[in-house]
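*Asks:* any chance you can model this:
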Amino acid sequence: MRIGVLAFVGGLATALPASAKAPVLVELYTSQGCGTCAESSRVIDRLSMRKDVLALTFSVDTWDYLGWTDTFARPEFAARQRACAENREPNAVYTPQVIVAGVGEARANETRAVDGLVRRAQAPAANSPAVRFIRDGALVQINSGPTPVRPDEVWLIRYEPGVREVEVRRGENQGRTLAYRNVVRELVKLGEWNGRARGFDLPRPSHEGLTTLVIVQKVGCDKVMAAAVR
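*Replies:* Below you'll find the model as predicted:
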């Protein structure tokens, strides 16, 4: 559905070593109330088999008015999708939409386009800082590096690894059981990184079993510069 205007297998238990190459973040924006989204989870299933990709599902409330309230959606997820759209052509927000590491977007069923974006995102980011968890994951440390033109943004993303099924009782997908992998449950902007080493205290997870991802991203939902997973 179009209205105009994430690699890695979910479940990694330890933070990436500072020397390790960060996985490519693939973000699927979808909705339980979107009739054309029912098969979109296949893109996450396929990419989750790759160790160099971290594929996540962001549910949005865009289509709740059609009769079914998405059980995973949060307003901040839709806000992130809109922010990403505002800074690239064709400035479109739709579902199912895939955004790859801030380098571009494509429809979830455009396999070649998605794979091409992943290849583009695999190019090493110049001057990317090292990110690591310390104090048993209660704090994330970002090392010093060259000062960016504008401070980079630091985001906390927590997701539920594995597959969740939802029985939809109303709306366009009424009567269907939909499966979602690596469902995002929390999205918090921790602050900014200006090239100086700094740490961020992490809030406690909303519930047990969530995997924590921290990314350093260029302002305006641009290129993901660094990431760590725990």
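
*Asks:* rest of the way, CA atoms for contacts and neighbours
*Replies:* Will do.

*Asks:* what mean pLDDT does stretch 36-47 get?
*Replies:* Average pLDDT, stretch 36-47: 92.

*Asks:* just the buried residues of it, please?
*Replies:* 37, 38, 40, 41, 43, 44, 45, 47 (16 or more other C-alpha atoms under 10 Å).

*Asks:* leaving out chain neighbours, which residue sits closest to the second one?
*Replies:* Spatially, and ignoring its direct neighbours in sequence, residue 38 is nearest to residue 178 (6.7 Å; C-alpha to C-alpha, 6 or more residues apart in numbering).

*Asks:* surely that neighbour meets residue 71?
*Replies:* No. With contacts counted by C-alpha atoms under 8 Å, residue 178 stays clear of residue 71, the gap being 11.6 Å.

*Asks:* tell me what residue 193 is bridged to.
*Replies:* Applying DSSP bridges to residue 193 gives these bridge partners: residue 152.

*Asks:* can you offset everything so residue one is 713?
*Replies:* Fine by me, first position is 713 from now on; the one you just mentioned is residue 905.

*Asks:* where's it relative to residue 860, distance?
*Replies:* Separation of residue 905 from residue 860 (C-alpha to C-alpha, to the nearest Å): 8 Å.

*Asks:* I'd guessed residue 875 sits against residue 893; true?
*Replies:* Yes. With contact defined as C-alpha under 8 Å, residue 875 counts as touching residue 893 (4.3 Å).

*Asks:* so which of these two has more stuff around it?
*Replies:* Shown here are residue 875 and residue 893; by other C-alpha atoms under 10 Å, residue 893 has more neighbours (23 against 12).

*Asks:* report all helices and strands that the strand or helix carrying the more buried one contacts.
*Replies:* Taking DSSP states H and E as the criterion, residue 893 maps to strand 889-905. For strand 889-905, the packing partners by 3 or more C-alpha pairs under 8 Å, 6 or more residues apart in numbering; DSSP states H and E come out as helix 753-759, strand 765-771, strand 864-879.

*Asks:* so which of those is the most surrounded?
*Replies:* strand 765-771 (a mean of 28; mean count of other C-alpha atoms under 10 Å).

*Asks:* quick one: average pLDDT of that strand?
*Replies:* When pLDDT is averaged over strand 765-771, the result is 97.

*Asks:* count the neighbours of the residue nearest to residue 750 for me.
*Replies:* If you count neighbours by other C-alpha under 10 Å, residue 890 ends up with 16.

*Asks:* what does residue 777 give?
*Replies:* 10.

*Asks:* assumed it was part of a strand.
*Replies:* No. Residue 777 is assigned helix when assessed by DSSP: H, G, I helix; E, B strand; the rest coil, not a strand.

*Asks:* quick one: residues contacting it.
*Replies:* By C-alpha atoms under 8 Å, 6 or more residues apart in numbering, residue 777 lies in contact with nothing.

*Asks:* go on, the one 5 residues further on?
*Replies:* Taking C-alpha under 8 Å, 6+ apart as the contact definition, residue 782 lies against 743, 744, 745, 771, 772, 773, 776.

*Asks:* where does this protein have its least confident helix or strand?
*Replies:* Counting by mean pLDDT, DSSP states H and E, the chain has its least confident helix or strand at strand 714-716, which shows a mean of 41.

*Asks:* quick one on the thing from earlier: now the helices and strands packed on strand 889-905 as TSV including distance to residue 796?
*Replies:* Below are those laid out as TSV (distance: least, C-alpha to C-alpha, whole Å):
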stretch	distance to residue 796
helix 753-759	19
strand 765-771	13
strand 864-879	13
